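# Starting from these lines, generate the structure:
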Amino acid sequence: MTNLEIHRYLDFSVFGKGELTLAGVVMLLCWVGILVACIVDTRSAIKRDKRFARAQAVKAIEEGTATGDLDEVAKRFSPRINSWGLGELFGKVGWYYGFLIIAAFADLILLFVDVWKLFHLPEVPYFSAGMAMAFIAREALSVWENSPKNDRYNVIKSLRRLRNTLSVVFDDEEMKKIRKELNDIGGSGF
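Here you go, the predicted structure:
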C-alpha cells in the first residue's frame, strides 16, 4: 500500500457525521450509566446501613442499654458518610472508567477500520457498550443484595465472614468459648 492509499483509507472526511455522532452518544450513555449505577448502589448501601442501625436501636432501647428517642438512638448507631466511603465510590468509578477507556480505544480502531460493515452492523462502540452493561449489571446485583428482602441473608453472610476470620485468629477451644458467650447473650452462636 502506498501512502496515498493509506491516507485515503484513513481520511476522516469519509466518515459520516451520523456514525461519529451515534458512537459519541453511545459512549456518553455508557459513561453516565455507570456513574448513575454506582451512585444508586452507594445510596442503597447507605439505606441498608440505616435499616440495620434502626433495628439495632430498637434492640438497644428494649434491652435498656440506650435511652432516648428511637430516631436519636438510630442516628447514633448509623454509620457516618466519611472519606473512606467516598473514596471507595470514586475508586470503583475510576476502575470502571479505566476499563471503559481501554474498550473505547478498541472501538475507535474498529470504527476507523470499518470492521462492522463486513458484518452489516451499524458502527457502534460494541465493546464499550457491552462492558458498560456488565458493570451496570454488577451494580444492579449489589443494589439487589442491599434490598430489604436480603437483610437476613446479609446478616448471615456477615456472620460467616466473622466466623471465618475468627477461626483463623483463634483456635477451636477459644471459638467454643466465644460461641457459648454469644449464645448466652442471645446471639446466633454461628
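# Ala140 and Trp116, how far apart?
28 Å (CB to CB, to the nearest Å). Every residue, glycine included, has its C-beta placed from N, CA and C.
# Give me the more crowded residue out of these two.
Trp116 (17 against 14; other CB atoms under 10 Å).
# what sits against the more buried one?
Counting by CB atoms under 8 Å, 6 or more residues apart in numbering, Trp116 touches 110, 122-124, 126.
# Give the next helix or strand downstream of the host helix or strand of it.
Secondary structure assignment for Trp116, by DSSP states H and E: helix 115-118. Following helix 115-118 in sequence order, the next helix or strand is helix 126-145 (DSSP H and E).
# List the buried residues in that next one.
126-129, 131-132, 135-136, 139, 142-143, 145 (16 or more other CB atoms under 10 Å).
# now the residues you listed as TSV including pLDDT and distance to Thr21?
What follows is those, written out as TSV (pLDDT from 0 to 100; distance: CB to CB, whole Å):
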residue	pLDDT	distance to Thr21
Tyr126	91	17
Phe127	93	19
Ser128	93	15
Ala129	94	15
Met131	96	21
Ala132	96	18
Phe135	96	24
Ile136	96	23
Glu139	94	27
Ser142	89	33
Val143	90	32
Glu145	85	38
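# Write the PyMOL selection for whichever of the contacts of Trp116 are buried.
Filtering the contacts of Trp116 down to the buried ones (16+ other CB under 10 Å) takes a single PyMOL command:
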select buried, resi 110+123+124+126
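# Mind picking the two most distant members of the contacts of Trp116?
Leu110 and Pro122 (12.2 Å; CB to CB).
# how close does Glu145 sit to Phe77?
Distance from Glu145 to Phe77, by CB to CB: 21 Å.
# can you check Met27 too?
43 Å.
# With neighbour numbers in mind, choose between the two.
Neighbour count, other CB under 10 Å: between Met27 and Phe77, Met27 has more, with 20 against 17.
# My guess is that one contacts Phe105. True?
No - shown here, Met27 and Phe105 do not form a contact pair, counting by CB atoms under 8 Å, at 11.5 Å.
# Give me the residue ranges of the protein where confidence is low.
Counting by pLDDT under 70, the chain contains low-confidence residues at 1-16, 151-171, 175, 183-190.
# for whichever strand or helix holds Gln56, packing partners?
For Gln56, the enclosing helix or strand under DSSP H and E is helix 17-63. Other elements packing on helix 17-63 under the criterion 3 or more CB pairs under 8 Å, 6 or more residues apart in numbering; DSSP states H and E are helix 70-77, helix 83-113, helix 126-145, helix 151-169.
# hmm, 6 Å instead?
helix 70-77, helix 83-113, helix 126-145 (3 or more CB pairs under 6 Å, 6 or more residues apart in numbering; DSSP states H and E).
# I'd like those as JSON lines, with distance to Arg54 appended.
Formatted as JSON lines, the helices and strands packed on helix 17-63 follow (distance: least, CB to CB, whole Å):
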{"stretch": "helix 70-77", "distance to Arg54": "4"}
{"stretch": "helix 83-113", "distance to Arg54": "19"}
{"stretch": "helix 126-145", "distance to Arg54": "19"}
